[in-house]
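Participant: model the structure of this input:
(one chain, ligands or ions: 1)
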Amino acid sequence: MQYETVIGLEVHVQMDTQSKAFCGCSTLFGQPANTQTCPVCLGLPGVLPVLNEKFLQYAIKVALALNCKVSNYLKFDRKHYYYPDLPKNYQISQYDMPLAEHGYLEIETENSTAKKIRVLRAHMEEDAGKLIHTSQSSLVDYNRTGMCLLEIVTEPDISSAHEAYDYLTRLKSILEYLEVSDCDMEKGSLRCDANISLRPVGETKLGVKTELKNMNSFKGVRDALEYEVIRQEKALNAGELIVQETRLWDENKQKTFTMRTKEEAHDYRYFPEPDLPPFTIEDKTIETVRKELPELPAVKKERLVSEYKITEYDANVISADKYIALYFEEAAKEYKSPKTIANWLMGDIMNYIHNNQLESKKLAEILPVKYLIEMLELIDNNTISGKIAKKILPDMFTSGNTATQIITEKNLVQISDTSQIETIVDEVIQEHASVAEDFRNGTDKALMFLVGQVMKKTRGKANPQIVNDILRKKLGTT
Ligand SMILES: [Zn+2]
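Facilitator: Residues are numbered from 1 along each chain as shown. Now for the predicted structure:
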């Protein structure tokens with residue numbers, strides 16, 4: 001039987017505020033355990049929470065960027081459960097009246113068509129602490145308790161692991177543009193759970209879903225979903241029933257396994273948070289935040305295409321990363337060919353950043369825009385070949401020197417002096433007389449070999465076009 005996949009995602013984003021959601025404790029990452037706590041976030045009796053205004057502002061920003069309707073009425077609820085990382089035994093969250101609802105995020109499917117993934121709701125809540133399990137014992141760190149979280153829940157509109165991955169990538173990109181979260185999955189600033197079920201094609205009723213947890217990267221989410229599609233499909237085809245359960249992703253084994261079954265709707269005994277009376281969010285507050293929204297990736301992409309005449313594909317890749325996009329625009333304004341800038345950025349530069357695990361945020365610092373442009377101009381005026389440029393680029397990154405400094409130091413200036421090249425070509429023809437003969441007899445690829453030999457003798461410095469021309473001339477084919 002043919003099945004279709006139905007996926008919904010729940011993403012928790014830690015907002016990058018200086019202090020926690022309802023107290024003044026610092027949110028700095030990596031501090032000694034339990035040093036960033038106070039009576040409020042430890043849930044001691046007699047304390048009162050006070051809402052962090054920045055938290056609300058950031059949350060509204062995200063909601064608007066996701067095209068949500070922001071509620072005019074802000075209400076918090078207590079969600080009760082008992083767990084060692086939750087000292088109050090309840091979490092301040094939002095239950096029946098989330099901050100925002102009915103938004104969407106446009107993604108791209110496998111066939112590169114646009115698709116809107118509806119955002120069901122986005123609500124504000126506080127984070128719990130962190131349990132650290134060792135072989136001997138379990139420890140608890142309350143530094144994270146009370147940090148600002150925004151939970152963003154989609155409708156079950158996602159139809160494949162690819163779409164889920166694209167949704168997450170675009171969501172992260174938007175959050176980075178908004179500067180509301182560092183989106184670092186390793187630090188836990190971005191966490192994603194997924195609900196997935198299968199149903200026969202054409203069926204409208206949803207199948208039994210499993211909830212996937214413990215994915216620590218977007219790739220992990222994609223792999224876990226891919227695995228789960230196959231697992232459920234096999235089970236359904238074998239006539240087995242899918243049980244509603246929570247499954248954990250095992251990164252090493254690349255498998256999901258059961259964490260707990262017989263999942264029932266939890267009774268969290270929600271009730272309105274009595275210490276935080278509801279209040280009105282004025283339209284003008286929402287509109288002020290809306291006006292402060294930066295140009296978001298989707299809009300930027302369109303503008304890059306029309307303004308710099310680069311392809312949709314290039315604009316998509318470049319606009320996905322705020323810092324790469326900034327770098328691109330700065331360079332493209334100063335240099336005649338935006339397409340060349342795009343190629344270098346998307347090729348060698350992004351590869352270098354990726355392979356060396358650098359942050360794109362640092363790019364303009366490590367490789368100032370004017371250094372890149374200077375290098376491109378050296379290619380344009382035949383001082384160096386594109387090949388040499390590729391070779392010296394890593395040096396530019398590590399040394400902080402300009403291309404001119406590096407090529408002078410390493411004696412890499414391109415040889416365009418024809419008489420000098422002619423002498424070397426003569427040598428090569430003499431040394432490889434039979435290959436030269438092959439070329440004369442019509443074996444085209446023989447020329448490639450001879451060019452290669454000249455480049456070798458000049459350590460890649462000869463201007464390849466001139467080498468080509470001289471060889472053809474000397475071998476009598478022009
Ligand atoms: Zn505190």
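Participant: tell me the contacts of His266?
Facilitator: Contact partners of His266, counting by Cβ atoms under 8 Å, 6 or more residues apart in numbering, are Tyr81. (Glycine included, C-beta is placed from N, CA and C.)
Participant: show the pLDDT at it.
Facilitator: pLDDT recorded at His266 is 70.
Participant: ok, now Ser416?
Facilitator: Here the pLDDT value assigned to Ser416 is 78.
Participant: which residues touch stretch 247-262?
Facilitator: 210-216, 220, 223-224, 227-228, 231, 243-246.
Participant: kindly report the same for stretch 425-441.
Facilitator: 446-447, 449-450, 453-454, 457, 467, 470-471, 474-477.
Participant: nearest to Ser306, of the residues you listed?
Facilitator: Taking Cβ to Cβ as the measure, Val467 is the one of these closest to Ser306, at 40.2 Å.
Participant: contact partners for the nearest residue to Leu358 once chain neighbours are set aside?
Facilitator: Closest residue to Leu358 apart from its sequence neighbours, by Cβ to Cβ, 6 or more residues apart in numbering: Ile366 at 7.0 Å. Residues near Ile366 by Cβ under 8 Å, 6+ apart: Leu358, Phe397, Gly400.
Participant: of those - the most surrounded one?
Facilitator: Neighbour counts for these (other Cβ atoms under 10 Å) peak at Phe397, which has 19 neighbours.
Participant: which residues touch that residue?
Facilitator: Phe397 makes contact with Tyr352, Asn356, Ile366, Leu367, according to Cβ under 8 Å, 6+ apart.
Participant: distance of the second one from the ion?
Facilitator: Asn356 is 38 Å from the ion, where distance means Cβ to the ion, to the nearest Å.
Participant: which non-adjacent residue is nearest that residue?
Facilitator: Phe397 (7.8 Å).
Participant: for the ion, see how far away Ala389 is.
Facilitator: Ala389 sits 53 Å away from the ion when distances are taken as Cβ to the ion.
Participant: what of Glu374?
Facilitator: 51 Å.
Participant: I would like the residues contacting the helix or strand Val140 falls within, please.
Facilitator: In the assignment (DSSP states H and E), Val140 maps to strand 138-141. Applying Cβ under 8 Å, 6+ apart, the external contacts of strand 138-141 come out as Ala33, Asn34, Pro84, Asp85, Gly129, Lys130, Leu131, Ile132, His133.
Participant: surely the second one meets Tyr142?
Facilitator: Yes - using Cβ atoms under 8 Å, Asn34 is in contact with Tyr142, at 5.4 Å.
Participant: what about the two, which has more around it?
Facilitator: Tyr142 (22 against 14).
Participant: so what's the residue most central in space within the chain up against?
Facilitator: Per Cα atoms, centre = their mean, the C-alpha nearest to the average position across the chain is that of Thr169, at 4.9 Å. Thr169 sits next to Phe218, Ala320 when contact means Cβ under 8 Å, 6+ apart.
Participant: does it count as helix, strand or coil?
Facilitator: When classified by DSSP: H, G, I helix; E, B strand; the rest coil, Thr169 comes out as helix.
Participant: where do the helices of the stretch 251-400 of the chain begin and end?
Facilitator: Listed in chain order, the helices found in the stretch 251-400 of the chain under DSSP state H, counting those that start in this stretch are 283-292, 297-308, 312-320, 322-334, 338-344, 350-355, 363-366, 369-380, 386-399.
Participant: turn those helices into TSV, columns for mean pLDDT.
Facilitator: Formatted as TSV, those follow (pLDDT from 0 to 100):
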stretch	mean pLDDT
helix 283-292	95
helix 297-308	94
helix 312-320	93
helix 322-334	94
helix 338-344	94
helix 350-355	92
helix 363-366	92
helix 369-380	92
helix 386-399	90
